[in-house]
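**Student:** what follows is a predicted structure for the sequence shown.
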Amino acid sequence: MANYSLQDIKDLREKTGAGMLDVKKALEEAEGDADKALEIIRVKGLKGVGKREGRAASDGLVAAHVGATADGEGQTGVLVEVNSETDFVAKSQAFISLAERVLAAAVATGARDADALTSAEFEGSTVQGIVDETAATLGERVVVRRLARVAGEHVEVYLHKVNKDLPPQVGVLVATDAAGASVARDIATHIAAYSPLFLSRDEVPAETVENERKIAEETARNEGKPEAALPKIVEGRLTGYFKENVLLDQPFAKDPKKSVGQVLTEAGGTLQAFARFRVGA
């Protein structure tokens, strides 16, 4: 039997995120040499990259970076979501380190979406090449799923752990003017909890508004509401849709008697953009 200990198994599992059986087999094949075992896991993983393409990657983490704009007049925020197949891999140091490199690449390359990011050159390879190499070691499918950028005089970042034992799985960026900075943190936590789809009513596509109006009218008719009352009922239900899905219309989490828009107005600020990712959603 190869000369290795339970601690060797534990260390290699933490380093690679690989399963117990795979680690033990690698250590056996490497005759207890941890470095050789790591290489065996990586090589076997590379051979299996194609086989993993169809497997679901719905776990993972979000990571964010905020830095000064090129002209120094404001800030830019970058938010990425990197997915794995299991939470065991998502909390491994190898996966967390990969996500940090992906984020660094997003910042350095200025990529605007996940496709542009994965095809970008970084550290002597493409980002996709870096991802594939780490995925080989982890033995799971790994995907750079999403990338968002926001910019403003002030950018606030909020990362939330849905499980204390896992990396952040909800990430929010909020871009405001200087005056809005005083409430940006509270608004970021609000967005994390209330999942708005749009910043303002102007951003809601016209076809979405028309469809919601149609649904509201059909529902009211099916409920037997008087014909004369339909326009008012439809507008009321459309307003309800806006309050549920439009950030500035939503009741503010810390004071539901006010809307998020009212909170900003009272602070004398404006909100220019936001981004919210929840892993797998």
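**Tutor:** Received, thanks.
**Student:** in terms of pLDDT, where does residue 46 sit?
**Tutor:** We have a pLDDT of 45 for residue 46.
**Student:** apologies, that question was intended for residue 22.
**Tutor:** 75.
**Student:** if I look at it, how far off is residue 38?
**Tutor:** 11 Å (C-beta to C-beta, to the nearest Å). C-beta coordinates here come from the backbone N, C-alpha and C atoms, glycine included.
**Student:** what's the answer for residue 99, then?
**Tutor:** 20 Å.
**Student:** could you pull up the mean pLDDT of whatever helix or strand residue 159 lives in?
**Tutor:** Assigned by DSSP states H and E, residue 159 belongs to strand 154-160. Mean pLDDT, strand 154-160: 98.
**Student:** looking just at contacts, which helices and strands does whatever helix or strand comes next after it meet?
**Tutor:** The element immediately downstream of strand 154-160 (helix or strand, assigned by DSSP H and E) is strand 170-176. In terms of contacts (3 or more C-beta pairs under 8 Å, 6 or more residues apart in numbering; DSSP states H and E), strand 170-176 is packed against strand 59-68, strand 75-84, strand 143-152, strand 154-160, helix 181-194, strand 271-278.
**Student:** tell me which residues of the following helix or strand past the fifth one are tucked away?
**Tutor:** On the C-terminal side of helix 181-194, the nearest following helix or strand under DSSP H and E is helix 206-222. Residues of helix 206-222 classed as buried under the neighbour-count rule (16 or more other C-beta atoms under 10 Å) are 212, 216-217, 220.
**Student:** just stretch 150-168 next, same as before
**Tutor:** Buried residues in stretch 150-168 (16+ other C-beta under 10 Å): 150-159, 166-168.
**Student:** what about that stretch, start to end distance?
**Tutor:** 19 Å (C-alpha to C-alpha, to the nearest Å).
**Student:** same question for stretch 115-135.
**Tutor:** From its first residue to its last, stretch 115-135 covers 18 Å (C-alpha to C-alpha).
**Student:** between residue 99 and residue 38, which has more neighbouring residues?
**Tutor:** residue 99 (25 against 19; other C-beta atoms under 10 Å).
**Student:** can you give me the domain boundaries for the protein?
**Tutor:** 6-47, 59-201+246-278, 205-245 (automatic domain parsing).
**Student:** please work out which of those domains is packed deepest.
**Tutor:** Highest mean neighbour count of the domains of the chain: domain 59-201+246-278, a mean of 19 (counted as mean count of other C-beta atoms under 10 Å).
**Student:** report the distance from that one to the chain centre.
**Tutor:** Remark: domain 59-201+246-278 is offset 6 Å from the chain centroid, using C-alpha atoms, centre = their mean, to the nearest Å.
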